[in-house]
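Chemist: missing the sequence, but the structure's below:
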């Protein structure tokens, strides 16, 4: 499992620019917002957490179609299906490696973009924390879409279409928890705990559904 994690981590970084492309896309999405809404710093501060979350969500969707594509292209996907290690565990480790290479850099870059959106220190810290907790759920959800579309020649768009509606609850509770940390009357823990629950739920359901889809695709 350790060797698989390190192998997928290297592939995720090398393939298509890996983390750099995601961070650049993340930066681009957030950077164009002030030009659209104007130089109102108070408005930017209010919408900043939501914009950072939306940018991170869209950036995380970029490389999901490549989650199983390398194994499909070189034929090693059949070996993964026949090995003694449970396929669910293999998919889980691949998801973990993909998140480390693509989504973790977005979490690290979020404070810089929070400053760009004139967010307070509390809002920046809350956004970074919610992204750290919630972004793995996006990867686990995306694994299902990537497994369904792995046999298609151009499945990248299909993966985004399949995954985006399922990630809306993660986005809602991630943004809600961030705003709750800034606004005193709103409690922070309820939406934050729901966000953790969503990540744990999809950490179980996602790899299992992706493994089933991979077996059906192979058949």
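Modeler: Looks like it came in fine. All of these numbers come straight from a predicted model, not from anything done at the bench. Numbers count the residues shown, from 1 in each chain.
Chemist: Can you name the residues in contact with stretch 179-188?
Modeler: With contacts defined as Cβ atoms under 8 Å, 6 or more residues apart in numbering, stretch 179-188 is touched by 49, 120, 122-123, 125-126, 177, 190-192. C-beta coordinates here come from the backbone N, C-alpha and C atoms, glycine included.
Chemist: Over to stretch 20-33?
Modeler: Defining contact as Cβ under 8 Å, 6+ apart, one finds that stretch 20-33 is touched by 44, 47, 51-52, 54-56, 58-60, 62-63, 102-103, 105-106, 109, 113, 116-117.
Chemist: Buried among the residues you listed? Need that as a selection in ChimeraX.
Modeler: For the buried members of the contacts of stretch 20-33, the matching ChimeraX selection, counting by 16 or more other Cβ atoms under 10 Å, is:
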select :44,47,51,52,54,55,56,58,59,60,62,63,102,103,105,106,109,113,116,117
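Chemist: Give me the subset of the contacts of stretch 20-33 that lies in helices.
Modeler: Using DSSP state H, the subset of those located in helices is 44, 47, 51-52, 54-56, 58-60, 105-106, 109, 113, 116.
Chemist: So which of these is the closest to residue 166?
Modeler: Of all the ones in helices among the contacts of stretch 20-33, residue 60 has the smallest distance to residue 166: 12.7 Å, by Cβ to Cβ.
Chemist: any idea how far whatever helix or strand residue 198 lives in is from the chain center?
Modeler: With elements taken from DSSP states H and E, the one containing residue 198 is helix 189-218. Counting by Cα atoms, centre = their mean, to the nearest Å, helix 189-218 is centred 12 Å from the centre of its parent chain.
Chemist: What of stretch 81-97?
Modeler: Distance, stretch centre to chain centre, for stretch 81-97: 19 Å (Cα atoms, centre = their mean).
Chemist: What are the contacting residues of it?
Modeler: With contact meaning Cβ under 8 Å, 6+ apart, stretch 81-97 is reached by 1, 4-9, 12, 67-68, 80, 136, 139-140, 143, 147, 203, 206-208, 210-211, 214-215, 218.
Chemist: Drop anything exposed from these.
Modeler: Here, 16+ other Cβ under 10 Å leaves 4, 8-9, 12, 67-68, 80, 136, 139-140, 143, 147, 203, 206-208, 210-211, 214 buried among these.
Chemist: Report the contact partners of the closest residue in space to residue 132 that isn't next to it in sequence.
Modeler: Take residue 132 and drop its neighbours on the chain: the residue closest to it by Cβ to Cβ, 6 or more residues apart in numbering is residue 107, 5.0 Å away. Neighbouring residues of residue 107 by Cβ under 8 Å, 6+ apart: 56, 128, 131-132, 135.
Chemist: Next, the angle helix 189-218 makes with the host helix or strand of residue 127.
Modeler: Residue 127 belongs to helix 121-148 when assigned by DSSP H and E. Here the directions of helix 121-148 and helix 189-218 differ by 20 degrees (axes from the mean of the first three to the mean of the last three Cα atoms, to 10 degrees).
Chemist: name the helices or strands packed onto the very next helix or strand once past helix 121-148?
Modeler: Once the chain leaves helix 121-148, the next helix or strand it forms, by DSSP H and E, is helix 156-166. For helix 156-166, the elements it packs on are helix 121-148, judged by 3 or more Cβ pairs under 8 Å, 6 or more residues apart in numbering; DSSP states H and E.
Chemist: And the pLDDT for residue 77?
Modeler: Per-residue confidence (pLDDT) for residue 77: 70.
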